[in-house]
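S.K.: heads up, no residue letters with this:
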């Protein structure tokens with residue numbers, strides 16, 4: 001009976017939301033997460049590294065591709081209060097928690113959308129697109145991200161990525177082929193932050 005009760009309590013505990021606090025870029029944010037989402041107990045080091053090197057203007061329109069529970073996108077919305085930030089993910093639980101966290105942090109200049117990559121994003125252009133690139137989606141999908149990001153950027157807009165350092169050479173080649181430009185912003189032992197800039201017309 002005791003064991004049964006303990007398992008019942010454990011079942012209830014692990015179904016409760018987890019809570020994370022962040023003060024990235026001098027903006028205090030709170031995030032609710034759950035098991036099954038990427039890095040549910042703490043903001044992952046790759047996302048934190050990317051946030052440290054973003055260059056965003058207050059009126060920029062931004063896109064968080066593969067938003068998870070909203071760390072990158074909601075921080076960008078705070079950094080660009082006069083623009084609009086769109087958060088997208090192919091996981092409906094991620095989109096649900098991004099929306100929950102948008103409301104939790106009283107962020108009105110952002111919206112959350114279920115989309116497989118860029119497939120369901122409205123016809124619009126962005127000043128900034130960011131992505132914590134998954135390492136195991138295959139090189140074909142990574143090229144699709146590059147081509148679609150270029151198409152959805154305004155001239156002069158930036159596509160920022162953070163990826164495992166082992167993919168650095170692939171993205172250097174891919175950015176140069178698709179964007180005609182590659183900028184390595186920060187390389188660490190585990191992660192590399194880089195970007196491509198869409199040529200101005």
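M.R.: Now that the structure is in, tell me what you want to look at. All figures in this text were calculated on a predicted structure; none of them were measured in a lab. Numbering: from 1, shown residues only.
S.K.: got a list of what the residue lying closest to residue 105 once chain neighbours are set aside touches?
M.R.: Nearest non-adjacent residue to residue 105, counting by Cβ to Cβ, 6 or more residues apart in numbering: residue 29, 5.3 Å away. Backbone N, C-alpha and C define where each C-beta goes, glycine included. Residues near residue 29 by Cβ atoms under 8 Å, 6 or more residues apart in numbering: 21-23, 71, 74-75, 78, 101, 105.
S.K.: again, 10 Å this time
M.R.: 20-23, 43, 70-71, 74-75, 77-78, 101, 104-105, 107 (Cβ atoms under 10 Å, 6 or more residues apart in numbering).
S.K.: likewise for residue 200?
M.R.: Residues counted as contacts of residue 200 (Cβ under 10 Å, 6+ apart) are 154-157.
S.K.: with residue 88 instead?
M.R.: 63-67, 73, 94-95, 98, 111-121, 131.
S.K.: and what of residue 92?
M.R.: Contacts of residue 92 (Cβ under 10 Å, 6+ apart): residue 114.
S.K.: any idea how far residue 86 is from it?
M.R.: Going from residue 92 to residue 86 by Cβ to Cβ, to the nearest Å gives 16 Å.
S.K.: list of residues touching the helix or strand where residue 112 lies?
M.R.: Following DSSP states H and E, one finds residue 112 within strand 110-114. Identification of contacts with strand 110-114 by Cβ under 10 Å, 6+ apart yields 62-64, 67, 70, 73-74, 76-78, 80, 83-92, 94-103, 120-122.
S.K.: which of these are buried?
M.R.: Burial by neighbour count, 16 or more other Cβ atoms under 10 Å: within those this picks out 62-64, 67, 70, 73-74, 76-78, 80, 83-89, 91, 94-102, 121.
S.K.: burial of residue 38, as a residue count?
M.R.: 17 (other Cβ atoms under 10 Å).
S.K.: contacting residues around the nearest residue to it once chain neighbours are set aside?
M.R.: Leaving aside its sequence neighbours, residue 38 sits nearest to residue 68 (Cβ to Cβ, 6+ apart; 5.0 Å). Counting by Cβ under 10 Å, 6+ apart, residue 68 makes contact with 31, 33, 37-40, 43-44, 47, 87, 89, 91, 93-95, 97-98, 101, 132.
S.K.: can you do 8 Å?
M.R.: 37-39, 89, 94, 97-98, 132.
S.K.: secondary structure class for it?
M.R.: Classification of residue 68 using DSSP: H, G, I helix; E, B strand; the rest coil returns coil.
S.K.: which strand runs longest in the protein?
M.R.: In the chain, with assignment by DSSP state E, the single longest strand is strand 153-164.
S.K.: show residues contacting that strand.
M.R.: Against strand 153-164 from outside (Cβ under 8 Å, 6+ apart): 46-47, 49-50, 53-55, 61, 125-133, 135, 146, 149-150, 171, 179, 185, 190-201.
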